[in-house]
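Engineer: here is my input, please return the structure:
(one chain, ligands or ions: 1)
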Amino acid sequence: MDMKAIFRPFMLGLLSATSFFAPLRSHGQEECSTEFGTAQETQLFIQRHQDFLLNEALYRSSNLGTYKWIPVFFHILRASDGSGGISLSDARSALVRCNNAYAPTFIRFFECGYQYHDNDTYYDEFDKETEQVGMVNAYNIDSVANVYIVDDLESGSGGFAKFPDVFETGLTVNNYMVIDRTNMESPEYTTLQHEFGHFFDLPHTHAWGDELVNGSNCTTAGDGFCDTPADPTLECGILGNVSCGIFVDDCDYCGSDTDANGDLYAPSTTNIMSYSCKECRTNWSPLQATKMNFTVSPDGAATRNHLNCTNCSTSLATLPPGFTGAYILGEHYHHNEIVSSADLTNATIVTSDILTLIATDRIRLLPGFDFSANDPDLHRFRGIIDPCGFDNP
Ligand SMILES: [Zn+2]
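Structural biologist: Here you go, the predicted structure:
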């Protein structure tokens with residue numbers, strides 16, 4: 001049986017459904033301004049989604065244990081006089097939270113580098129329509145995920161990213177996203193992981209038309225995934241339909257909208273690709289996770305499956321003599337390798353009195369770590385992160 005023959009009618013339905021791309025709820029501030037620019041770009045998305053659906057079973061099982069490391073380059077915009085801008089540590093913390101959010105996938109992020117750009121034009125009220133091409137042409141770096149952090153977006157949205165086949169007129173690259181500073185630095189915000197969802201080809205859960213609660217049109221409406229419930233477009237707060245109690249911030253859906261059949265919506269308020277309260281957005285559906293794994297796979301998107309860091313920055317810490325305690329170096333290179341006082345197998349003793357640990361992503365010294373106790377002749381400790389040191393396909 002030709003699988004494409006089975007899926008084609010569904011996908012043609014999805015194609016026709018795109019003519020009623022769901023308008024955003026009017027709530028003053030646009031949550032996210034990621035969008036498909038043209039009908040052709042929507043059609044390309046549908047083609048990719050079709051490829052994914054045909055391969056879904058394969059990418060649910062064959063990616064086990066194969067991590068794709070995504071090099072992230074921070075572009076920190078500041079005012080022309082050098083003031084303002086997100087702190088590097090806040091940007092790195094956002095990347096750690098992002099990695100935690102991607103734990104159910106085979107995607108992991110690491111910092112490839114960062115640059116400051118002092119330019120009022122892009123820093124203040126960044127205008128996606130008139131400033132995007134100029135900024136990206138000026139600063140973008142090939143083959144990495146470029147994350148631009150501006151002071152705010154003129155649209156008031158938290159940010160936007162590019163889908164794998166969406167290119168702005170005047171640009172031949174789409175390996176970037178632009179994020180509002182507050183959305184990046186506030187721990188309760190989840191904008192970076194949301195925008196990376198778009199970057200890896202996930203639409204909003206409410207993207208297309210009116211998905212029915214009974215799921216009967218789940219491949220042609222909503223987000224094209226049948227394991228995300230119908231979403232009438234969420235909005236956080238007392239005037240919205242999530243956490244709408246005066247004193248309650250419970251992430252509960254409190255809307256009363258019904259679908260075309262008269263069925264009450266029961267959307268997920270925790271899906272990262274929804275417009276739920278940012279602090280509520282904690283999970284992907286299994287198909288969303290699998291779709292992202294597919295996007296970065298060899299069969300996925302050409303703009304997403306060859307990302308590579310060619311000019312890694314290293315991170316280094318030197319601890320004082322006799323240091324005892326806990327320390328984390330390079331948490332933003334989040335990984336599971338833990339080096340503790342009981343496990344120094346990765347240690348390289350560079351000289352007789354300096355203990356040097358080199359790791360590709362993170363060195364965590366657990367409480368009780370005391371390097372001088374391991375060798376009384378050691379009186380200096382250096383930890384070095386070399387994010388290019390691992391085998392990044
Ligand atoms: Zn979005």
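Engineer: every contact and neighbour count from this point should use C-alpha atoms.
Structural biologist: Noted.
Engineer: where in the chain is the helix or strand with the lowest mean pLDDT?
Structural biologist: Sorting the helices and strands of the chain by mean pLDDT, DSSP states H and E puts helix 3-17 at the bottom, at a mean of 39.
Engineer: ok, T290 - how many residues close by?
Structural biologist: By other Cα atoms under 10 Å, 24 other residues sit near T290.
Engineer: try T66
Structural biologist: The burial count for T66: 12, using other Cα under 10 Å.
Engineer: would you mind measuring from it to I272?
Structural biologist: For T66, the distance to I272 equals 23 Å [Cα to Cα, to the nearest Å].
Engineer: likewise S256?
Structural biologist: As judged by Cα to Cα, S256 and I272 stand 22 Å apart.
Engineer: more neighbours: which of those two?
Structural biologist: Shown here are S256 and I272; by other Cα under 10 Å, I272 has more neighbours (27 against 10).
Engineer: right, and that one touches E279 too?
Structural biologist: No - at 9.6 Å, I272 does not count as touching E279 under the criterion of Cα atoms under 8 Å.
Engineer: shared neighbours, those two?
Structural biologist: Residues touching both I272 and E279 (Cα atoms under 8 Å, 6 or more residues apart in numbering): T190.
Engineer: so W69 sits against T105, correct?
Structural biologist: No - counting by Cα under 8 Å, W69 does not reach T105; the two are 11.3 Å apart.
Engineer: of the two, which one has the most company?
Structural biologist: When neighbours are counted by other Cα under 10 Å, T105 comes out ahead of the other of W69 and T105, with 23 against 20.
Engineer: excluding its backbone neighbours, what's nearest that one?
Structural biologist: Of all residues not flanking T105 in the chain, A289 sits nearest, at 5.5 Å (Cα to Cα, 6 or more residues apart in numbering).
Engineer: for the one you found, grab the count of nearby residues.
Structural biologist: Neighbours of A289 (other Cα under 10 Å): 22.
Engineer: quick one: V147 from W208, how far?
Structural biologist: V147 is 27 Å from W208, by Cα to Cα.
Engineer: repeat that for D299.
Structural biologist: For D299 relative to W208 (Cα to Cα), the value is 25 Å.
Engineer: between these two, who's got more neighbours?
Structural biologist: Regarding D299 and W208, a neighbour count based on other Cα under 10 Å identifies W208 as having more, with 25 against 14.
Engineer: what bridges to that one?
Structural biologist: When assigned by DSSP bridges, W208 has beta-bridge partners F21, G222.
Engineer: hmm, G222 and it touching each other?
Structural biologist: Yes - using Cα under 8 Å, W208 makes contact with G222 at a distance of 4.6 Å.
Engineer: given the helix or strand containing Q115, what are its sheet partners and their directions?
Structural biologist: Q115 is located in strand 107-118, with elements delineated by DSSP states H and E. Strand partners for strand 107-118, identified by DSSP bridges, are recorded as strand 68-78 (parallel).
Engineer: report the rounded mean pLDDT for the partner strand.
Structural biologist: Strand 68-78 shows a mean pLDDT of 93.
Engineer: stretch 259-271 now?
Structural biologist: According to the model, stretch 259-271 has a mean pLDDT of 97.
Engineer: do stretch 244-255 as well
Structural biologist: Mean predicted lDDT for stretch 244-255 stands at 86.
Engineer: any chance of the backbone angles for L44?
Structural biologist: Per-residue torsions, L44: phi -60, psi -40 (degrees, to the nearest 10).
Engineer: so what pLDDT did it get?
Structural biologist: For L44, pLDDT reads 89.
Engineer: neighbours of it, just the number please.
Structural biologist: Residues lying near L44 (other Cα under 10 Å) number 17.
Engineer: got it, and D250?
Structural biologist: Count around D250 with other Cα under 10 Å applied: 12.
Engineer: now it: how far from Q40?
Structural biologist: D250 is 40 Å from Q40, by Cα to Cα.
Engineer: what of G156?
Structural biologist: In terms of Cα to Cα, G156 sits 27 Å off from Q40.
Engineer: more neighbours, those two?
Structural biologist: For the pair G156 and Q40, the greater number of neighbours falls to G156 (17 against 12), based on other Cα under 10 Å.
Engineer: now the phi/psi pair for the more buried one, please.
Structural biologist: According to degrees, to the nearest 10, G156 has phi 80, psi 0.
Engineer: for Q288, same thing?
Structural biologist: According to degrees, to the nearest 10, Q288 has phi -60, psi -40.
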